[in-house]
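**Q** Need the 3D shape of this:
(one chain, ligands or ions: 2)
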Amino acid sequence: MLDALPARHRPEPACEPAIVVSHARLAPTIFRLVLHAPHIAASAQAGQFVMISVPEAAGRAVQLPRPMAIHRRHRDAGDIEVIYNVQGPGTDALSRAQEGSTLLIVGPLGRGFDIPGTATSLLLIGRGIGICSFMTLVEDAADAAIATTAVLSARTADRVIGRSDCAQLGAKAIPVTDSDGSSSVEALDRTLTEEFAGRPPGGIVVCGSQRLTELAMNLSSQWQVPLQVSLEAHMACGLGYCHGCAIPYAGDSFREGPLVCHDGPVFAVRGNRAAA
Ligand SMILES: Cc1cc2nc3c(=O)[nH]c(=O)nc-3n(C[C@H](O)[C@H](O)[C@H](O)COP(=O)(O)OP(=O)(O)OC[C@H]3O[C@@H](n4cnc5c(N)ncnc54)[C@H](O)[C@@H]3O)c2cc1C
Ligand code: FES
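**A** Residues are numbered from 1 along each chain as shown. Ligands and ions are numbered 1, 2, ... in the order given. Predicted structure coming up:
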């Protein structure tokens, strides 16, 4: 069961023409994009995202902006970082954006994470590009002296995202991969049960995999700690207007559930089923 997190003040989104400060390939299909966007860098809350309008590439226009998590905020420089995987035409065109060019971005958007008031430690579990949804939470936890352990799951070692960010922010990273079997639910369950034996974290966050969400739900009920999940959905506007990102209610497809772009992307998970 998914619950919208309680309402709270959110920064006003703005449309910013953002200069591409740097744009580098991290793995064959994964890119790190640094954008100069001072309003968004200064105001974005952990777990929020931006909509990026993608420029025409190879004569093909990309009609809708693409949602991307804010992976890091560099407030002194006024920059944000986005890490993305080339998935289809939009991200393919984005991968051609040149340093020094300008991309139109709207943000910060969505309802981000809440750090439980009593938490002195957090467990974050991410798979692939889903890891990008929670690195801003690692930033906030570091500022609040909250110990963070981040599971960084990927198919292969070269696709693991976030190792250097965790090192920079003083978070413990547990990289796991399909290629060595360490990312299987059973192996990870053993690793985390051992890691947190006798001292469970004050909260769990998960993103990027249904299997890992189910593992996180089991751990959260075993340890009796709150769980938040960051979801993805196809988005046309990102602003709560088009209702294209509504989560269907389980068992009642005529009833519109919460909007991922406005009520989420971060939701509290209650009970043992990840459905609205
Ligand atoms: C809040 C939010 C944050 C996101 N953050 C990131 C990020 O930090 N880095 C990143 O790489 N991606 C992120 N995404 C996903 C990203 O927006 C999509 O991969 C991108 O829009 C794909 O566009 P495209 O034109 O390249 O591919 P499309 O042609 O649009 O899609 C290619 C394939 O991917 C599938 N797909 C596309 N978008 C989604 C989606 N949102 N969920 C599930 N399947 C999808 C399509 O069904 C299709 O099979 C995020 C999505 C959301 C909603
Ligand atoms: S994407 Fe338009 S309402 Fe969510």
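**Q** tell me the domain boundaries of the protein?
**A** Domains of the chain are assigned by automatic domain parsing as 2-109, 121-269.
**Q** need the residues of the protein near ligand 1, please.
**A** Applying CB under 6 Å from any ligand atom, we find that the chain lies next to ligand 1 at 49, 66-69, 82-85, 87-91, 129, 132, 232-235, 265. Placement of C-beta: from N, CA and C, glycine included.
**Q** In the longest strand seen in the chain, which residues are buried?
**A** Longest strand in the chain, counting residues (DSSP state E): strand 14-27. Residues of strand 14-27 classed as buried by neighbour count (16 or more other CB atoms under 10 Å): 16, 18, 20-21, 23, 26.
**Q** helices or strands up against the helix or strand containing residue 141?
**A** Secondary structure from DSSP states H and E places residue 141 in helix 135-143. Counting by 3 or more CB pairs under 8 Å, 6 or more residues apart in numbering; DSSP states H and E, the packing neighbours recorded for helix 135-143 are strand 72-74, strand 121-127, strand 147-154, helix 163-169.
**Q** how about CSV for the buried residues of strand 14-27, with distance to residue 208 and pLDDT added?
**A** CSV is the format used below for these (distance: CB to CB, whole Å; pLDDT from 0 to 100):
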residue, distance to residue 208, pLDDT
16, 27, 95
18, 25, 97
20, 25, 98
21, 26, 98
23, 23, 98
26, 16, 95
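**Q** and of those residues, the nearest to ligand 1?
**A** residue 26 (11.3 Å; CB to the nearest ligand atom).
**Q** how close does residue 249 get to ligand 2?
**A** Using CB to the nearest ligand atom, to the nearest Å, one gets 16 Å for the distance from residue 249 to ligand 2.
**Q** now residue 251
**A** Taking CB to the nearest ligand atom, one finds residue 251 at 22 Å from ligand 2.
**Q** which residues sit in contact with that residue?
**A** Residue 251 makes no contacts at all, as judged by CB atoms under 8 Å, 6 or more residues apart in numbering.
**Q** Show me the helices in the protein, by range?
**A** Taking DSSP state H to define them, one finds helices in the chain at 38-43, 89-94, 135-143, 163-169, 185-195, 210-223.
**Q** beta partners for the residue in the stretch 51-200 of the chain that ligand 2 sits nearest to?
**A** Nearest to ligand 2, among the residues of the stretch 51-200 of the chain, is residue 67, at 7.8 Å (CB to the nearest ligand atom). The bridge-partner assignment for residue 67, based on DSSP bridges, gives residue 51.
**Q** Thought residue 45 was touching residue 112, still the case?
**A** Yes. The criterion here is CB atoms under 8 Å, and residue 112 meets it with residue 45 at 4.3 Å.
**Q** quick one: common contacting residues for those two?
**A** By CB under 8 Å, 6+ apart, the residues touching both residue 112 and residue 45 are residue 136.
**Q** Those two: which has the busier surroundings?
**A** Per other CB atoms under 10 Å, whichever of residue 112 and residue 45 has more neighbours is residue 112, with 27 against 21.
**Q** what's the closest non-adjacent residue to that one?
**A** Leaving aside its sequence neighbours, residue 112 sits nearest to residue 47 (CB to CB, 6 or more residues apart in numbering; 3.0 Å).
**Q** Look at the one you found and say how many residues are nearby.
**A** When neighbours are counted by other CB under 10 Å, residue 47 comes out with 27.
**Q** so what's it up against?
**A** Taking CB under 8 Å, 6+ apart, we find residue 47 in contact with 69, 110-113, 133-134, 136-137, 230, 265-266.
**Q** Could you tell me the angle between the helix holding residue 141 and strand 147-154?
**A** 160 degrees (axes from the mean of the first three to the mean of the last three CA atoms, to 10 degrees).
**Q** If we go by neighbour counts, what in helix 135-143 is buried?
**A** 135-142.
**Q** Return the residues in contact with the closest residue in space to residue 15 that isn't next to it in sequence.
**A** Of all residues not flanking residue 15 in the chain, residue 106 sits nearest, at 5.0 Å (CB to CB, 6+ apart). By CB under 8 Å, 6+ apart, residue 106 lies in contact with 13-16, 50-51, 65, 238-239.
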